[in-house]
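1. coords please:
(2 chains)
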There are 2 protein chains.
Amino acid sequence: MKGSGVQSSVCATKSGILPGVESMNSQDMLSDVRDHMSRHNLIEHGHSVVVGVSGGPDSVALLDLMLRLRDDLDIEIHVAHLNHKLRGEASNLDEVFVANLAESNRLPFLSKACNLDRGGKSLEEAARDARHAFLEDVLDQTGSHRIALGHTRSDQAETFLLRLFRGAGTRGLGAIKPLRDAVWIRPLLGMSRERIVAYNEFRNLSFRTDESNKDTRFLRNRIRHDLIPAIAATYNPAIEEVLARSADILQQEDELLEQMTEPALKVTVRYRGKQKIILDVDTLFRYHISLRRRILRKVLLWLQFSATDITFKTLHRVLDLLHETSGNVQISPGFCIQKVTGSLILSRETLPSESRLEAPGITRIPWLDASVEIRVRPVSEVVGDLSHLGEYRACFDLEKLSGSLVIRNPREGDRFQPFGMFGTQKISHLLINTKIPRSLRDQVPLLLSNSSILWVVGLRRAQPFSITSTTKEVLDVVFKGGCLFSTGL
Amino acid sequence: MKGSGVQSSVCATKSGILPGVESMNSQDMLSDVRDHMSRHNLIEHGHSVVVGVSGGPDSVALLDLMLRLRDDLDIEIHVAHLNHKLRGEASNLDEVFVANLAESNRLPFLSKACNLDRGGKSLEEAARDARHAFLEDVLDQTGSHRIALGHTRSDQAETFLLRLFRGAGTRGLGAIKPLRDAVWIRPLLGMSRERIVAYNEFRNLSFRTDESNKDTRFLRNRIRHDLIPAIAATYNPAIEEVLARSADILQQEDELLEQMTEPALKVTVRYRGKQKIILDVDTLFRYHISLRRRILRKVLLWLQFSATDITFKTLHRVLDLLHETSGNVQISPGFCIQKVTGSLILSRETLPSESRLEAPGITRIPWLDASVEIRVRPVSEVVGDLSHLGEYRACFDLEKLSGSLVIRNPREGDRFQPFGMFGTQKISHLLINTKIPRSLRDQVPLLLSNSSILWVVGLRRAQPFSITSTTKEVLDVVFKGGCLFSTGL
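-> Numbers count the residues shown, from 1 in each chain, chains lettered A, B, ... in the order given. Coordinates of the predicted model:
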């Protein structure tokens, strides 16, 4: 399944030497795969399954086993193959081989050739991502329910070590799951590669050999060909089984811990926007450090932090911040986390943003996760309300306004004349004086007309546009949503 | 700390070459150790601490650091050394070295020489167990609160791999804990061995070198000298840090999962005796597979199953049994687990057991976790009760009895004449007919007088000893406790 470099060759395997034993093996294999599938609920009756076939021994065995189980499981099978075009003619021959395999079994065959877009990824990652995207397309096109991949217990052990060496906790060491996202299934995850080789041999199955699997420039191949045999020789001959079992246990414990994280997350989040998330610190502290770490991780993922950037160190910089009365950490150039009076504010930097408002009308302000409703009304209709408009509604004298209305966030040097004052004041001073946490200041909406600030929403209106005895018509503005106000900070 | 084989030599290290940098190192080290200790609450003010000093670089650094922190932490220090006598004269010189170190620092010194009793253990295990027993003795003798050991982050990484290769889940991979059982502390667990070497060098500390630490016949030494450097070279230079961090995360997640296991265990156990434990299957099924596994593990430990015998396979043989309507698995020669109508019965084989009863009086029956109360009374006192004695009280005609009274468990061939019947019946048939689960049959108490069975407790009395119109005095027997009856099976 891991294509790159070098060429392939077709090899027809010799048939079994000890038919009795080998036949046992083949039957055992079938029933072990069936057991594994039923234990992990990999498939339901009537399902349509896309089998990803590279043409290598694992996926060829997978296809053969799925075919043998087809009637019993009452499933439909599609064969899918992505030609990565990484090994020239060999890649094309792989495709032809799989096409023939599908045809000879009268199975629908779907393939695609791709030009790999590396985009900063390793070759292996890029190939895997392209393959996954292709298989998901096939899933959609064929209206199938599952995508089956030929990962074995040997892949599991290798993945475990790869992740361990890169740095991982329970989640990462859980490695490959038998069922992921209710779509991806690994029917062979309990089988060693050796058993699959023996199975192919007995069943007399042809497959393609990807020479790049021997290339020890790839870390996985080094683990496969050098490290695991060395550990088996020195420490434990059953190392592969032992690692796969640890992965199993950790996978299940991770599942339980994730189940516990969900409700904890729900009560800890005070506000969730695209740019900011606010957590309640006291609530967070009620949970065990392990859950705190998982809650934070999820929140960072919501804010589009990439999983690989969420390191142990990053999480612990934030967890340490929780113990301070106030403070902040910058965890990446555009990403700051601030602790303020009982709240933890995680914020992506909000870019200078501006939204033109419909007047009259209702305008959604996506960058604020808010909306603004504007009406134009005779003064008589609002005059009785003026003393109790609340913080999120304001009325202005229509005649004093000119130009279009916009909502934008504060900029360096912004000033306005607050209601009831003669001189002007810097917006930044107002925000400091009213104790708006620094990390939320870019979320304070300013209402402007022709570049004059009418309203620092939620805080102060400007003097020049206020309603007087001569006002005839008013602009009646209601602001709804936003993080600052929903959390009461 | 890991003594065995070969000889040692004293080496005074050269002093620091770059005083500025090295001085930084020494201060950093001090503050890092202090941070580590405070984060994990290793020590409280006023504590008395036993420092285990082998004379090697780690424990020498530990003692030096503890001395430098002594006033600040307000602690008292004792130096303890166990001479394993494994390396002849070198071992004795180690002891002298540590004694001098203690004396020059005016610290109380406690040592002992031991003749290692291997008893089936590996040399390393036996040495460690002897050392731990000795240090616990010192703790008691000196009335101390903590025992400090010099384990480093390097030891942690090695232990992680050792356990991984042997087979481990979250608990095992958690490896060495900074604080264990509220007594054992590892102040250096965050420090790499390299940092300690540099520290000793800068502080100009002498230490002893244990040549057996280079002996690659020991698995740990192979991991230290061969495997970790190889992984560092090929996969990740920071491998030690990465492994220690995984251990940290897993330790914390294990802690949380253990916290969850406690209450689950409490409601799942229906009966707990020394020989048998009965679990409620429906309750067990309410918990996630990860907790089920942990509950079972604890229960097996209660029944004196050794931790190393509780393998993944053993646990899963039992977990698989839960899905059967009934059945049993023998998990070791004297240990059987049976599933019966909603109960899981874990039982160590009860040896043929017999207890002589005080009559009159109360007798504890330890092997049944029960007691028997016997009174001798005139028949007039009980005659009104006879129709409603319940299952655990029985009255017999005193005149018909002879010899001493005993309670024992059933034996092959036991027969008696049930109340209301003419012929005799095999006890085994009675137990089968009354549907006593096989694994509990050895817990059915029989009351005998002069080798005649008077009563199959809880089930049937014998005809020959029953009360008639001619009875004058009765033996009034009340049985309390036992697993069979408390669980209603």
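2. quick one: low-confidence ranges for chain A?
-> A:1-24, A:485-489 (pLDDT under 70).
3. Could you show which parts of it are in contact with chain B?
-> Residues of chain A lying near chain B by Cβ under 8 Å from any Cβ of the partner chain: A:164-170, A:173, A:219, A:222, A:227, A:231, A:234-236, A:239, A:242-243, A:245-246, A:249-250, A:252-253, A:255-257, A:259, A:288-291, A:293, A:312. (C-beta placed from N, C-alpha, C; glycine too.)
4. mind listing which of these are in helices?
-> A:164-166, A:170, A:173, A:219, A:222, A:231, A:234, A:239, A:242-243, A:245-246, A:249-250, A:252-253, A:255-257, A:259, A:289-291, A:293, A:312 (DSSP state H).
5. Drop anything exposed from those.
-> Neighbour-count burial (16 or more other Cβ atoms under 10 Å in any protein chain shown) applied to these gives A:164-165, A:170, A:173, A:219, A:222, A:231, A:234, A:239, A:242-243, A:245-246, A:249-250, A:252-253, A:255-257, A:290-291, A:293, A:312.
6. Residue nearest the middle of chain A, spatially speaking?
-> By Cα atoms, centre = their mean, chain A has its centre lying nearest to A:Leu301, at 6.3 Å.
7. Ignoring the adjacent residues along the chain, who's closest to that one?
-> Once flanking residues are discounted, A:Leu301 sits nearest to A:Ala307: 6.6 Å by Cβ to Cβ, 6 or more residues apart in numbering or on different chains.
8. what about A:Leu300, how many neighbours?
-> By other Cβ atoms under 10 Å in any protein chain shown, the residues close to A:Leu300 number 22.
9. What of A:Asp309?
-> Based on other Cβ under 10 Å, the number of other residues close to A:Asp309 is 11.
10. Quick check: the gap between it and B:Glu399.
-> Going from A:Asp309 to B:Glu399 by Cβ to Cβ, to the nearest Å gives 89 Å.
11. quick one, phi/psi of A:Val269?
-> Dihedral pair for A:Val269: phi -80, psi 120, per degrees, to the nearest 10.
12. Please apply the same query to the one 3 residues further on.
-> For A:Arg272, the backbone dihedrals are phi -130, psi 110 (criterion: degrees, to the nearest 10).
13. Can you name the residues bridging to it?
-> Counting by DSSP bridges, A:Arg272 is bridged to A:Ile277.
14. residue in the stretch 301-450 of chain A nearest to chain B?
-> Nearest to chain B in the stretch 301-450 of chain A, going by Cβ to the nearest Cβ, is A:Phe312, at a distance of 5.4 Å.
15. Check whether that residue really touches A:Arg171, as I assumed.
-> No. Using Cβ atoms under 8 Å as the test, A:Phe312 is too far from A:Arg171 to be in contact (11.7 Å).
16. what's the overlap in contacts for the two?
-> Counting by Cβ atoms under 8 Å, 6 or more residues apart in numbering or on different chains, A:Phe312 and A:Arg171 have no contacts in common.
17. Assess the claim that A:Ile331 and A:Thr314 are in contact.
-> Yes. A:Ile331 is within contact range of A:Thr314, at 5.3 Å (criterion: Cβ under 8 Å).
18. what's the burial count for A:Thr325?
-> 8.
19. What of A:Lys121?
-> By other Cβ under 10 Å, neighbour count at A:Lys121 equals 14.
20. is it fair to say it lies in a strand?
-> No. The assignment for A:Lys121, made by DSSP: H, G, I helix; E, B strand; the rest coil, is coil rather than a strand.
21. what does the domain assignment say about chain A?
-> Structural domains assigned to chain A are A:8-246, A:273-348, A:354-487, following automatic domain parsing.
22. Show me the one of those that comes nearest B:Val478.
-> Ranking the domains of chain A by their distance to B:Val478 (criterion: Cβ to Cβ) puts domain A:273-348 first, at 47.7 Å.
23. any chance you could map the helices in the stretch 301-450 of chain A?
-> Along the stretch 301-450 of chain A, counting by DSSP state H, counting those that start in this stretch, helices occupy A:312-321, A:379-382, A:427-433.
24. what comes up buried for the first one?
-> The neighbour-count criterion (16+ other Cβ under 10 Å) identifies A:312, A:314-315, A:318, A:321 as the buried residues of helix A:312-321.
25. Now do that helix: everything it contacts.
-> With Cβ under 8 Å, 6+ apart, helix A:312-321 has contacts from A:167, A:169, A:289, A:292-293, A:296-297, A:300, A:327-329, A:331, A:337, A:339, A:344, A:346, B:245, B:249.
26. and with 10 Å instead?
-> The contact list for helix A:312-321 (Cβ atoms under 10 Å, 6 or more residues apart in numbering or on different chains) reads A:167-169, A:279, A:281, A:284, A:289, A:292-294, A:296-297, A:299-300, A:305, A:310-311, A:327-332, A:335, A:337-339, A:344, A:346, B:39, B:241-242, B:245-246, B:248-249.
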